[in-house]
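Q: Pasting a predicted model and its sequence here:
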Number of protein chains: 2
Amino acid sequence: MTGRRTSDDLKEVIRDFRRDQVIDVARRLFGERGTTDVSMDEIASEAGVARSTVYVYFANRGELLRACLQGMYSQLLEAIATTWEQEEEPGRRLERLIEEMLAVVDDSPAFFRLALVTQGTPANDGEVVGAELALIGLDIARLLHDLVVEGVARGVFRMLDPDVAISLIGQQIYGAMAVRAGEPMPRPRDEAAADTAQFILHGLAA
Amino acid sequence: MTGRRTSDDLKEVIRDFRRDQVIDVARRLFGERGTTDVSMDEIASEAGVARSTVYVYFANRGELLRACLQGMYSQLLEAIATTWEQEEEPGRRLERLIEEMLAVVDDSPAFFRLALVTQGTPANDGEVVGAELALIGLDIARLLHDLVVEGVARGVFRMLDPDVAISLIGQQIYGAMAVRAGEPMPRPRDEAAADTAQFILHGLAA
DNA sequence: AGTGATTCGGACGGTGTGTCCGATCCATGG
DNA sequence: CCATGGATCGGACACACCGTCCGAATCACT
C-alpha cells in the first residue's frame, strides 16, 4: 500500500508476497490439523483472498503442498548449516542434527505426519510431495554420509559400510520424528535428541 | 423353528464370510494404492457387492479401515507368537520380530503408510485408525519390554532404563518399516531385518 | 408357495476440488 | 481527466466421493 511507483520488479515482489502469504497460512493450518482436514476454501479465507485467487498462484492443492514442504525444507537446511559450522565433533553434530529435525516436527506435527505418509505413494497429494521428500532424504543422507566417514576416520566409529550405516541412522531418526509427531505431549526436545543420538552412537561405537 | 441354533450359527458364518470378503479386497487395494486413492465404489465393485451392501457390514469408511488393520494386526501377532516359541535368545527373537513386522509392510506397503500417518491425527480416517494403532504399539511395546528385561538379566544387554530402551528400539523398527514402505524395490527382508537387529543389539550391548 | 432376511440399484444431499467467466477495483499512461 | 490493463473477487459449473435411504429383486427356509 505504500509507494507511488510500481515497476515490474515491484510486481514480482508483490506476487511473491501474496504467494508467501498463502503459504504461511497453509503451513500453519496443515501443521495444526493435517492436510486432509483443511480445505482450499479455509486456506483462502484464512489468508484473506478468494479461493479462485489461490488457484492463480498454485495450480492445485498438490502445488501448494509442495510449496509448503519446500519452505519447511529450506528452513531445516539453513538451521543445519549453521549447526554444522558451530559443531565439529561427529557425535555433537549428529545430536544437533537430530535436534533440528525434531524442531521441524514440533513446528508442525500434523503436517509432518503427511510428509511421512506420502513418501512414495502415487496418491493424489502424494506423488508430488513424495518426490520432494525424496530429495530432502537425499540431502540429509549426504550429510550423514560425511558424518559417518568422518567418525570412522577419527576412529570413534567402528568400521562398517557407510551405506548401511546411513540407512540405519536414517531409520532411527525417521522413527524418532514419526513417533514424536504422533505424541500429544512430547518430551523436551533436547532430551529426546540426546537419547536418540546416544543410542545411535552406541550402535556405531568402535 | 427346527435347528434354530444351527441356522443362526450358519448366518453368523455367512455374515463373517461376507465381511471377510470385503475386508480382503479392501486390504489388497489399500495396500496397493493407499487409502485416499481407493473409493468405496471401487472396493464394492471389486468385491462383487453393491456399495450399499458394504455399508451394511461397515458403518463407514473408518470402520472398514479399522477392520483391515485388525486383520493385519492379528496376523502379525500370530506370527510373532509362533516365533516367540521357536526362539529363545533375545537377539534372535528381536531379529525375527523385526522380520515379521517388515513382512507386514511388504504385504501392503501403501496401506502401512496410512497406518503411520493417521497416528494421533484428528483426521477423518485417522482418529479410529490411530486408536487401533496405539493399541498395537502397546502390545509390541510389551513384547519389547520383556525382551529387554530378559537381555539385561542374561547380561547381554547393558543396564539401561527399559522405557527408554523400548522407545529407542521402537523408533528404530518404526523407521525401518516406514522407510521400507516407501521403497519401490526393498532389499531382501531377512537381510534388512538382520542389519536392523544387529544395529539395535550393538546399541544395547553390554 | 409364502415369508422374512439379504442384496441390489439408484437417487439424494452434503462436501470438496478445479475451471471458468463476468464484475470490480486500482494504478498507470495518455 | 478518463481509458486501459492487470489483479482480484465472487459465484456458478462439472465432477467425484461419502453416507443415507428406500423400493424392488433375490434367496433360503419352512
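A: The structure has been received and is ready for your questions.
Q: Could you see whether chain B lies near the host helix or strand of residue A:21?
A: Assigned by DSSP states H and E, residue A:21 belongs to helix A:8-33. Yes: with CB under 8 Å from any CB of the partner chain as the criterion, chain B is reached by helix A:8-33 at residue A:33. C-betas here are computed from N, CA, C, even on glycine.
Q: what pLDDT, on average, does that helix get?
A: Averaged over helix A:8-33, pLDDT sits at 85.
Q: swap in stretch A:60-80?
A: 90.
Q: One more: stretch A:186-198?
A: The pLDDT scores in stretch A:186-198 average 95.
Q: elements contacting the helix or strand just after the helix holding residue A:21?
A: Toward the C-terminus, helix A:8-33 is succeeded by helix A:40-47 as the next helix or strand (DSSP H and E). For helix A:40-47, the elements it packs on are helix A:8-33, helix A:51-57, helix A:61-86, judged by 3 or more CB pairs under 8 Å, 6 or more residues apart in numbering or on different chains; DSSP states H and E.
Q: Go again with 6 Å.
A: If contacts are counted by 3 or more CB pairs under 6 Å, 6 or more residues apart in numbering or on different chains; DSSP states H and E, helix A:40-47 sits against helix A:8-33, helix A:51-57.
Q: Tell me if that helix is near DNA strand D.
A: No: applying CB under 7 Å from any atom of the strand, one finds helix A:40-47 separated from DNA strand D by no less than 7.6 Å.
Q: got the angle between that helix and helix A:61-86?
A: 60 degrees (axes from the mean of the first three to the mean of the last three CA atoms, to 10 degrees).
Q: mind exporting helix A:40-47 as CSV, just the C-alpha atoms?
A: Taking Å, rounded to 0.1, in the frame of the first residue of the first chain, the C-alpha atoms of helix A:40-47 are listed here in CSV:
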residue,chain,number,x,y,z
MET,A,40,-8.8,-24.9,0.0
ASP,A,41,-11.7,-22.8,1.0
GLU,A,42,-10.5,-22.5,4.5
ILE,A,43,-6.9,-21.6,3.5
ALA,A,44,-8.2,-19.0,1.1
SER,A,45,-10.5,-17.3,3.6
GLU,A,46,-7.9,-17.5,6.4
ALA,A,47,-5.4,-15.9,4.1
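Q: if I look at residue A:20, how far off is DNA strand C?
A: 19 Å (CB to the nearest atom of the strand, to the nearest Å).
Q: Make TSV out of the helices and strands packed on helix A:40-47 and add mean neighbour count.
A: Below are the helices and strands packed on helix A:40-47 laid out as TSV (neighbours: other CB atoms under 10 Å in any protein chain shown):
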stretch	mean neighbour count
helix A:8-33	16
helix A:51-57	15
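Q: Which one of these lies nearest to residue A:191?
A: helix A:8-33 (22.5 Å; CB to CB).
Q: In three-state terms, label residue A:49 for me.
A: coil (DSSP: H, G, I helix; E, B strand; the rest coil).
Q: ugh, wrong one, I meant residue A:186
A: Per three-state DSSP, residue A:186 ends up coil.
Q: Just give the number of residues close to it.
A: Taking other CB atoms under 10 Å in any protein chain shown as the criterion, the count of residues near residue A:186 is 16.
Q: and residue A:88, what are its phi and psi?
A: Phi and psi for residue A:88, reported as degrees, to the nearest 10, are phi -120, psi -50.
Q: Pretty sure residue A:22 sits against residue A:47.
A: Yes: assessed by CB atoms under 6 Å, residue A:22 is found in contact with residue A:47 at 4.9 Å.
Q: Counting by contacts, list what the helix holding residue A:21 packs against.
A: So helix A:8-33, by 3+ CB pairs under 6 Å, 6+ apart, packs with helix A:40-47, helix A:61-86, helix A:109-117.
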